[in-house]
Structures are given as C-alpha cells and as structure tokens.
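S.K.: Give the three-dimensional model of this entry:
(4 chains)
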Protein chains: 2
Amino acid sequence: MSLRFALLGLLSDQSMSGYDLTKRFEQSMGNVWPARHSQIYPELNKLNNEGLIEIVAEGPRGRKEYQATDAGRAAVHHWLTKIPTEWSIRSEPLLRSFFLWMLSPEEARTYLRDYRTWFQQRLDGYNEIKQYWTPETEGEKASRVVLEAGVYQAEAAIAWANWALEQYGDPRDSDA
Amino acid sequence: MSLRFALLGLLSDQSMSGYDLTKRFEQSMGNVWPARHSQIYPELNKLNNEGLIEIVAEGPRGRKEYQATDAGRAAVHHWLTKIPTEWSIRSEPLLRSFFLWMLSPEEARTYLRDYRTWFQQRLDGYNEIKQYWTPETEGEKASRVVLEAGVYQAEAAIAWANWALEQYGDPRDSDA
DNA sequence: TACTGACATGTCAGAAAGTACATGTCTAAT
DNA sequence: ATTAGACATGTACTTTCTGACATGTCAGTA
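M.R.: Purely as a prediction, here's the structure:
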C-alpha cells in the first residue's frame, strides 16, 4: 500500500507526470522507499481510475500531469492517522553485517569501509542540497525535515562503521 | 536473494529449525530484514534441495534442524564479496514523514512522538540485551556488533524526532 | 482428563516489486 | 541532415512477500 500513498502524497503537493515522479523516487523519495517507473505508471493509472488523482495537463510526448483529488488527499490523511505504521525497516547493508564473521578480517574491514564511504557520500550530498535548495511548497518544507533525518542517520551510520572497524581490528583509520 | 543468504548465514553459525529461524527473524534479524514463516519454510526446502543446507537432526513434531553445507557457506561468502550491496533502504516511518505537512500540527506532533517512543523502546530493548547477553559463537559476536548499529540508529532517530518536533512547533518536550 | 499454549511445518492466493522488453518524441549539437 | 540523449509511457514476466488457511504434537496445568 505504501507506494500508492507515496504517489498520492507527492501529487497532493504539486502536479507531476509519471516521469517526474520517477525522477523524484530516484533522488529523494527512493532513499526511504524505492520504486521504478514500471511500478509507478500502472499505479498511476489505477489511482486515476479510482478517482484519487486526475489529469490536470497534457504535454509533448504523451506527457500527462496528475494531481491528487480531494478524495486522494483524504486517503493520504486516513493512511497517516488511521493505518498503523509498519515500523520495521529493510536494510540489506545491515543484514550483511550479521555475516561479517564469515569473512577474513581484511574482507570485513573492506566491507565496513565501503559502508562508511557510501554513507559519507550520502551525507555530502545531503549537505550540498541543504546549502543550495530553498523549499517552497509545504511538501518541500516537509521534505527538508526528512532530509535532516537522512543527515542524522548517515552520521550515525558513519559513527557505527568507525566503531565496528575497531572491533574488526582496523589497524588505522584510513578512508575517513 | 537476500532472504536466502540470511538463512544460509544463520545456518552457517549454528544448526536451527525453521521454527527457530522464524523466532530469530521476529527478534533480531527482522529489524533489518523482515520475513515470516510462510516465506522461510519454502526457502529452506529449496535450499535443502540445492544442497546448500542439510538436515542434521530431527525432533518432536516433525522438527527438522538444518545446517549450512560447505557449498552453502561458500555461497554466502560469494554473496558478501562479489554481489554488489543494495544500499538503499526501505523505511515506512520516514516515508510517512514526507507527508506530515498534510496533517494538522497536533497530528504531526503525535506522529513524531510515536516515532520517538518506538525508537526509545527499541533502544531500551537493545540496552537490556547488551546487559544480559554474552555472545558465544562467532555469529553471535557479529550480531553483537550489529546490535550496536541499532543503538546508534535508534539514538539518531530519537534525536531527529526531537529536532523535528521543534520544527512542528512542539510546545514542550513531553514524552521523552 | 481436558484444556491451553507453545511448538512445529506446511500451502495457497493475491499483492507488491524487480527486470527486461518495447516504443516513440523532442531538442540540441555535430 | 543525422544523431545522441533526455523525455515520456507503457507491458510482460518473474520473483518476492504477505495474510490466511490448514494441520497436527507435546508439555504442563487445572
């Protein structure tokens, strides 16, 4: 159900095409909920058939811009306030960490350094965005708040990776 | 593919039944990669047919204890070192946060307080485990390292929630 | 002895998600 | 004039995941 409400929520803030939404998922949204265009387009058509979104403009190359209807916005509100949150998350990077004991110490350290590097790059990216982006719509202001969650998380991930590297006998902090 | 290697990895450390594995997912593993018994049992049978795990003991009520074979352990090693990590994570709690602007300030704060409470309980649980659990096998020692990741993450989540509550005009820090 | 709750394993249908295939348009640069 | 790359939307197949259904055993207790 989450994808459906993600789309509905984005289209409650501003009108967008499937293509725009796909890009949005590739950038920000995909960091917490990945989705490809092959999932997005069919879902948009379903949402449209159910009257939760509507086409507000058409453009070149068959471009269709959608916007949430009142019913759509109400559906998001219902989801947010009445449907219990699925708190558990899915993280392959941490799943893999359970099995670092099966690697040689050097292999384990390589993994942890990659882990740290990946989150460091995330963090750099986030800080870049923070510097040059001024949120305008209400939706963007909320996104800005979530961006900060990404910063907190990335910092925690890096701190953990450094701690874990010590556990796995890192000779010296190289790649930080 | 992840579930397959999660099972294989767990069965590389110690022999377990599907029931044991299910409980393991409900507790620790499920925090980073959820799975139900309806997914676990068929996967175990597949793994068994492929010779990646084998039955090492049988018990009451049809209980079957599995253990990874050498081929199984090799498969995990290959996965860890040769298959690129899927770095992006999936988090419904953060997805929902993108749409807090659609709620009234009070509703948004309620959500953020629930968010904080949930992670605080996680954190308490983790600290409890840290105090009373002594890892024995290599797999458990690695799990202990991942547990620490949970601590870092939960602390970051709580810190963020507090910051976000200020953004959403929290009159006073109540529930911390 | 009857019952409850934990133990234990499975299947099945449908939903969600991922990968690959497929097609076509518009713009800017060469 | 051609061509490359971004724009734009879709389908089809397969795998993964969830939720519900289904069955049965064993240990402890009332």
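S.K.: rest of the way, CA atoms for contacts and neighbours
M.R.: Fine.
S.K.: Would you agree A:Ala71 is in contact with A:Gly51?
M.R.: Yes: the pair A:Ala71 / A:Gly51 is scored as a contact, 7.3 Å apart, by C-alpha atoms under 8 Å.
S.K.: Report how many residues lie close to A:Ile83.
M.R.: Using other C-alpha atoms under 10 Å in any protein chain shown, A:Ile83 is surrounded by 10 other residues.
S.K.: Also the one 4 residues further on?
M.R.: Using other C-alpha under 10 Å as the criterion, A:Trp87 is surrounded by 14 other residues.
S.K.: Ok, A:Asn45 next?
M.R.: Neighbours of A:Asn45 (other C-alpha under 10 Å): 14.
S.K.: tell me the phi and psi of it?
M.R.: phi -70, psi -40 (degrees, to the nearest 10).
S.K.: Give me the distance between it and B:His37.
M.R.: 34 Å (C-alpha to C-alpha, to the nearest Å).
S.K.: swap in A:Gly18?
M.R.: According to C-alpha to C-alpha, A:Gly18 and B:His37 sit 36 Å apart.
S.K.: With neighbour numbers in mind, choose between these two.
M.R.: A:Gly18 (21 against 16).
S.K.: List the residues that contact the more buried one.
M.R.: Residues counted as contacts of A:Gly18 (C-alpha atoms under 8 Å, 6 or more residues apart in numbering or on different chains) are A:37, A:40-41, A:44, A:64-65.
S.K.: Restricted to buried residues, select the residues you listed in ChimeraX.
M.R.: Of those, the buried ones can be selected in ChimeraX as follows, counting by 16 or more other C-alpha atoms under 10 Å in any protein chain shown:
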select /A:37,40,41,44,64,65
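S.K.: Among the contacts of A:Gly18, which are located in strands?
M.R.: A:64-65 (DSSP state E).
S.K.: Can I get the contacts of A:Gly18 in a markdown table including distance to A:Gln27 and pLDDT?
M.R.: Below are these laid out as a markdown table (distance: C-alpha to C-alpha, whole Å; pLDDT from 0 to 100):
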| residue | distance to A:Gln27 | pLDDT |
| --- | --- | --- |
| A:His37 | 13 | 98 |
| A:Ile40 | 15 | 98 |
| A:Tyr41 | 17 | 98 |
| A:Leu44 | 19 | 98 |
| A:Lys64 | 21 | 98 |
| A:Glu65 | 19 | 98 |
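S.K.: Same list (the contacts of A:Gly18) but as a markdown table, adding distance to A:Gly9.
M.R.: Below are the contacts of A:Gly18 laid out as a markdown table (distance: C-alpha to C-alpha, whole Å):
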| residue | distance to A:Gly9 |
| --- | --- |
| A:His37 | 17 |
| A:Ile40 | 13 |
| A:Tyr41 | 16 |
| A:Leu44 | 12 |
| A:Lys64 | 17 |
| A:Glu65 | 15 |
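S.K.: what's the most distant pair in the contacts of A:Gly18?
M.R.: Greatest spatial distance among the contacts of A:Gly18 (C-alpha to C-alpha): A:His37 and A:Glu65, at 14.8 Å.
S.K.: how is chain A carved up into domains?
M.R.: A:2-82, A:92-167 (automatic domain parsing).
S.K.: quick one: pLDDT of the spatially most central residue of chain A?
M.R.: The residue lying closest to the centre of chain A (C-alpha atoms, centre = their mean) is A:Asn31, at 2.4 Å. The model reports A:Asn31 with a pLDDT of 96.
S.K.: OK, now which residue of chain A is nearest to DNA strand C?
M.R.: A:Met1 (3.8 Å; C-alpha to the nearest atom of the strand).
S.K.: And for that residue, the neighbour number?
M.R.: Neighbour number of A:Met1 under other C-alpha under 10 Å is 6.
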